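In: Everything below, folded, please.
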Amino acid sequence: MRKLTSLLLAAAVLLVMTACGALTRPAATSAPEQAPAEEAPEAAAESEPEPEPAPGEGSLVEQPDLSNAPDAIDENQQALLEQFILIDDLVQPGTAGSSLRAAVAAASLLDWAAKDQLSDEALGIVIDYMAAKSVEGQAEFGEKLDAVESTVGLLTGKDSDQAKDLLTDAGVIDSCGYPWSKEAVAVIDRLMEALGRRAG
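Out: Numbers count the residues shown, from 1 in each chain. This is a model prediction of the structure:
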């Protein structure tokens, strides 16, 4: 009787284990098979949209507003604006090497003045550039303009040896248009007057 009972218990346990194994094995085997099958289309779907937005669906980052880009202004306006950006980026009054950086910016501005005209439109662009700065930024930029204007005076003054030495030390003696004409200096004078840097 005991043998029969233990035999029945063993058979029941075997049936339960077999049934559990049958339930878990297909789930275990089907899950890995389905997961890669499901992930593959998702991975393909994720990789396909990346190249497609470029032709048609551009975001604001991909297609910025170009109204303030250099192409939106004429060459004369762009040329003067570039001079002001150069002054802003390069000239740092009160720092080591500031006189050499001011010499580079002044030589570049004189080169611009020798070949371009000071139009009202170009002047308006640089006035807008300065007006967009904070009060502190405008004061700092004013100091940079003063340094450049002072250097223009040195480079176009009577002491040609001093001008040549400064341009040589700045590394632009061979690439700039030195000596500049009186007309180029007059353009710089009108520019500084128009920007309120001189009494007039």
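In: does the closest residue to Leu145 other than its chain neighbours count as helix, strand or coil?
Out: Nearest residue to Leu145, sequence neighbours excluded (C-beta to C-beta, 6 or more residues apart in numbering): Arg197, at 5.8 Å. To be clear about C-beta, it is placed using only N, CA and C from the backbone, and glycine gets the same treatment. Secondary structure, DSSP: H, G, I helix; E, B strand; the rest coil: Arg197 is coil.
In: so what's Arg197 up against?
Out: 142, 145-146, 149 (C-beta atoms under 8 Å, 6 or more residues apart in numbering).
In: Turn the residues you listed into a markdown table, columns for distance to Gly171.
Out: Listed next are these as a markdown table, based on distance: C-beta to C-beta, whole Å:
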| residue | distance to Gly171 |
| --- | --- |
| Gly142 | 27 |
| Leu145 | 22 |
| Asp146 | 23 |
| Glu149 | 21 |
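In: Can I get the buried part of those as one ChimeraX selection?
Out: Remark: buried members of the contacts of Arg197, expressed as a ChimeraX selection using 16 or more other C-beta atoms under 10 Å:
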select :145,149
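In: Can you tell me which of the contacts of Arg197 is nearest Asp161?
Out: Glu149 (21.2 Å; C-beta to C-beta).
In: Check whether the closest one really touches Leu191, as I assumed.
Out: No - at 9.2 Å, Glu149 does not count as touching Leu191 under the criterion of C-beta atoms under 8 Å.
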